[in-house]
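>>> Predicted structure and sequence below. I'll ask about it afterward.
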Amino acid sequence: MKNEYNICKNCVMDTTDTNITFNTEGVCDHCNSFHHDLKPTWHTDEHGRQELEKIIATIKQHGKKHDFDCIMGMSGGADSSYMLHLVVKEFGLRPLVFHVDGGWNSQIAVDNINVMINKLGLDLYTEVINWEEMKDFQLAYFKSGLPNIDVPQDHAFVATLYNFAAKYNIKYILNGGNYSTECVRNPLNWLYYGTDMSQINYIRKHFSTIPWKTYPFSSVLRHKFYLRYIKGVQVVKALNYRPYIKADAMEFLRQEYGWQPYPQKHFESRFTRFYEGYWLPKRFGYDTRKVQYSSLILTGQMTREEALEKLSRPALSDDEVRQEFEYIATKLGISTDELQSYLDMPLKSHRDYPNQEWLFNLGANTMKWLGIEKAIKR
C-alpha cells in the first residue's frame, strides 16, 4: 500500500525519501540527526580555528620535501573554488590543483577553473578520462535502470584523485566538501554509493559493450582503509572548521576572480545538470534540491518558504529539457528514442543487483561511532 505523503515541518525533505521518519512534532530524522549528532560537535568558532591551524601546520611540514603541500580536486563549482582561494590566500599552502575531465564540463566550469588558476598563479593538472570507456560506462548504467547513473563520473573523480596521491606519495587531499551545504545527505535509495565495486563489476559484466582498460577504479576498502590508515593519505575538508555561507562565498568569488555562479549545485557538469535537473525527478521522483535546500535551511542560509517556492518550479524549463535531451543522446551516440526507452523502462533499485551495502553501512556506522564522520548516508 502506498504511504501517505508527508513533508517535514522544519525542512523540505518528504516521503519521496521512503526511509524518512518523523517525530511527534512532524520533524524528520534528517533534522533530528543534524541537531543531535552533528551540530554539538561541529565547531566553526575558535576551537575550529585552532584545529584547522594544527592541520595546516602538519600539511606544510610534510610538504617541505615535496613540490606541493597537498593535492586539491577542482570542479569549478562554488565549494571547491572558494576552498582553493582559502588554501592559497589564507592558509599559504602550495596545492597541486587537480581536475578530472569526464567529458561533460560546462563552459562555465572551464572558465571558472581558468580564472581561479590564472589569478592565483597555480599549476593545473588535468586527467582526461577515455571518452569511449566513459560513454560505455554511462550507457551501461542507463541500461541497468538504476537511479544513480552518475556513478561513472563520481567514481572517476574519486579514484583518479586517490590513485594520483598514492602514486606520488602525496599525503593530503583537500576538497570543498562541507557540512554547511551538505549536512543532509542524499538518501541511499536516491544516490547509492558510487564506489561499490561489487555492483559496478556486475553492471560492467552484464551491460558494457567494450573493455574498460584504462578507466580508473578504486574500491572503498582501498581508499577508505588501505590508503587512509596504511599509506596515511588524509582527506581534509577545511570548510568544516570555519563559518561558510555559500551565497557570500559566491559573491566574493565573482568580485575577486570574475567567477560565474551556477543556477544549482552540481550544475557545473552538463551531464549532472541533466541527470539531477530532469532525469532523476522525472523517472524516480527524486529531487536532489530537497536535500540541498534542507541543508541550507538547517544552517540558516535559506528559509523553508524560499525553498518551497523554488521547489514549486522544475529545475529545468521545458525548452532546456528538450535541448539537453537531444544533447545527451547525441553525445552518447544514441538516438533520442533510445534515450527515451531508458527513461520509460521499469525502475530498478541498487538492491536489485549484487551490492556491498552491508559493508558500507558497517563502515559508516563505525566512522560515526568513532566520531570521524558525523553526517552519514542512510
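Ah, there it is. Computed from a prediction, not measured in an experiment: that's the story for all the values here.
>>> Which strands or helices does whichever strand or helix holds D248 pack on?
Using DSSP states H and E, D248 sits within helix 246-257. In terms of contacts (3 or more Cβ pairs under 8 Å, 6 or more residues apart in numbering; DSSP states H and E), helix 246-257 is packed against helix 78-85, helix 107-120. The way it works is simple: take the backbone N, C-alpha and C, and place the C-beta from them, glycine included.
>>> Next, the distance between the ends of stretch 209-218.
One end of stretch 209-218 sits 21 Å from the other (Cα to Cα, to the nearest Å).
>>> Buried residues, that stretch. List them.
W212, Y215, P216, F217, S218 (16 or more other Cβ atoms under 10 Å).
>>> Run through the residues that contact the last one.
Right, S218. Contact partners of S218, counting by Cβ atoms under 8 Å, 6 or more residues apart in numbering, are H155, V158, A159, Y162, N163, T195.
>>> roughly how far apart are it and D67?
Per Cβ to Cβ, to the nearest Å, S218 is found 24 Å from D67.
>>> can you redo the helices and strands packed on helix 246-257 as JSON lines with mean pLDDT, distance to S341 and mean neighbour count?
What follows is these, written out as JSON lines (pLDDT from 0 to 100; distance: least, Cβ to Cβ, whole Å; neighbours: other Cβ atoms under 10 Å):
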{"stretch": "helix 78-85", "mean pLDDT": "95", "distance to S341": "35", "mean neighbour count": "23"}
{"stretch": "helix 107-120", "mean pLDDT": "94", "distance to S341": "30", "mean neighbour count": "17"}
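>>> Just send those back as a markdown table, with distance to R378 too.
Below are the helices and strands packed on helix 246-257 laid out as a markdown table (distance: least, Cβ to Cβ, whole Å):
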| stretch | distance to R378 |
| --- | --- |
| helix 78-85 | 23 |
| helix 107-120 | 30 |
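>>> Those: which one's closest to Y342?
Y342 sits nearest to helix 107-120 of all the helices and strands packed on helix 246-257, at 25.3 Å, using Cβ to Cβ.
>>> Where do the strands of the stretch 51-200 of the chain begin and end?
For the stretch 51-200 of the chain, applying DSSP state E, counting those that start in this stretch gives strands covering 70-73, 95-101, 124-128, 172-174.
>>> so which of these gets nearest I203?
For I203, the closest of the strands of the stretch 51-200 of the chain is strand 95-101, at 20.2 Å, according to Cβ to Cβ.
>>> now the angle from the closest one to helix 107-120?
Angle between the axes of strand 95-101 and helix 107-120 is 160 degrees (criterion: axes from the mean of the first three to the mean of the last three Cα atoms, to 10 degrees).
>>> now strand 95-101, how far from the centre of its chain.
Chain-centre distance of strand 95-101: 16 Å, with Cα atoms, centre = their mean, to the nearest Å.
>>> The strands of the stretch 51-200 of the chain: which one's closest to Q323?
Using Cβ to Cβ, the strands of the stretch 51-200 of the chain put strand 95-101 closest to Q323, at 22.2 Å.
>>> and that closest one with helix 78-85, angle?
Going by the same axes, to 10 degrees, strand 95-101 makes 150 degrees with helix 78-85.
>>> now strand 95-101 against strand 124-128, angle please.
20 degrees.
>>> Return the list of strands paired to strand 95-101, each annotated with direction.
Strand 95-101 has its sheet partners listed here by DSSP bridges as strand 70-73 (parallel), strand 124-128 (parallel).
>>> among those strands, which is the most enclosed?
Stretch with highest mean neighbour count among these: strand 70-73 (a mean of 24; mean count of other Cβ atoms under 10 Å).
>>> Touching that strand from outside, list them.
Contacts to strand 70-73, defined as Cβ under 8 Å, 6+ apart, come from residues 59, 63, 80, 83-84, 87, 93-100, 157, 161, 164-165, 170-175, 236.
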